[in-house]
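[1] Pasting the sequence and the predicted model now:
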Amino acid sequence: MKTDAVDAYQLCELYYKEEFEKHKQRGIGLLNLRHLTRQHESITHMYIQAKLHFQSVLDQVFPDYKGIFGDLYFVVSLSVLREFPTSKTALKAGLTKLTDRIACLCPKRSENWANEKAKAILIAAANNPFQETVYSSHLVSIELYITLLLQYQEHLSQLENKIDALANEVEEFMIIQSIPGIGSKIAVMVLSEIGEINRFNHAKKLVAFTGVDPSVFHLGSLQQQLTGSLSAALSN
């Protein structure tokens with residue numbers, strides 16, 4: 001049931017005039033693309049929430065670790081932290097063991113790079129105000145969050161590869177990217193949500209479907225009129 005007066009009037013007018021059009025089914029390819037992009041957005045939201053919770057726990061166990069690697073959520077960074085989650089375990093391991101482990105996890109980087117990161121870990125461990133972890137539950141949480149974050153990264157990477165493969169099969173994907181300011185990610189979202197543009201026989205219908213016409217805003221009985229209608233510009 002519609003309670004908004006403006007929307008209710010439009011529905012009544014449509015029913016009275018009987019100006020119905022046959023619904024045009026969307027293609028399977030773009031429907032698959034829409035499902036994957038929405039799934040990617042959902043997992044990204046959960047990934048961000050997991051990162052926030054992880055940082056909250058890390059600040060209570062090993063706060064200075066965040067500045068050691070350029071990206072805290074780099075696979076090597078998380079893997080090293082999972083093995084040496086506290087100052088005590090890092091200091092006990094020593095420089096040689098830390099350097100060897102970092103070099104093993106990231107063979108593409110030089111031995112000197114691994115040694116510098118190991119030294120930074122030891123300095124952070126020595127300066128850590130939490131030399132002893134009071135709550136063992138924090139260590140359990142860190143290990144669980146690291147596992148979860150790595151899994152999210154893997155899932156997002158797989159989704160991005162599949163999304164790119166599907167998008168490159170659609171001709172409109174490259175055309176949308178020709179618009180200044182629109183890259184591959186935005187182009188995929190626009191394409192997956194709008195679908196086949198030939199479903200719309202007029203520019204105004206496309207604008208109405210996407211909800212980007214800034215000419216009139218309705219909220220209950222409130223109506224605000226602006227100049228420069230996008231749908232008018234498209235129809236000219």
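    Alright, I've got the coordinates. These numbers were taken from a predicted model, which means no experiment stands behind them.
[2] so what's the closest residue to Thr133 other than its chain neighbours up against?
    Distances taken as C-beta to C-beta, 6 or more residues apart in numbering put Thr86 closest to Thr133, at 5.4 Å, once the chain neighbours are dropped. Using the backbone N, CA and C atoms, a C-beta is placed for each residue, glycine as well. Residues near Thr86 by C-beta atoms under 8 Å, 6 or more residues apart in numbering: 61-62, 125, 130, 133, 139.
[3] how close does Thr86 sit to Ser136?
    11 Å (C-beta to C-beta, to the nearest Å).
[4] Tell me how many other residues surround the closest residue to Gln177 other than its chain neighbours.
    Excluding the flanking residues, the one nearest Gln177 by C-beta to C-beta, 6+ apart is Ala187, at 4.8 Å. Applying other C-beta atoms under 10 Å, we find 20 residues neighbouring Ala187.
[5] Repeat that for Leu149.
    Leu149: 19 neighbours (other C-beta under 10 Å).
[6] any idea which helix or strand carries it?
    Counting by DSSP states H and E, the element that carries Leu149 is helix 136-167.
[7] could you point out which element follows that helix?
    Using DSSP H and E, the helix or strand that follows helix 136-167 in sequence is helix 171-177.
[8] Between the contacts of Thr86, identify the one with the most neighbours.
    That'd be Phe62 among the contacts of Thr86, by other C-beta under 10 Å, with 25 neighbours.
[9] Next up, the contacts around it.
    Here Phe62 is in contact with 81, 85-87, 124-125, 128, 130 (C-beta under 8 Å, 6+ apart).
[10] Return the backbone torsion pair for it.
    Reported as degrees, to the nearest 10, the phi and psi values for Phe62 are phi -150, psi 70.
[11] Repeat that for Ile182.
    phi -110, psi 120.
[12] Tell me the spacing between it and Val190.
    Relative to Val190, and taking C-beta to C-beta, Ile182 is found at 7 Å.
[13] So these two - more neighbours on which side?
    Applying other C-beta under 10 Å to Ile182 and Val190 shows that Val190 carries more neighbours, namely 17 against 13.
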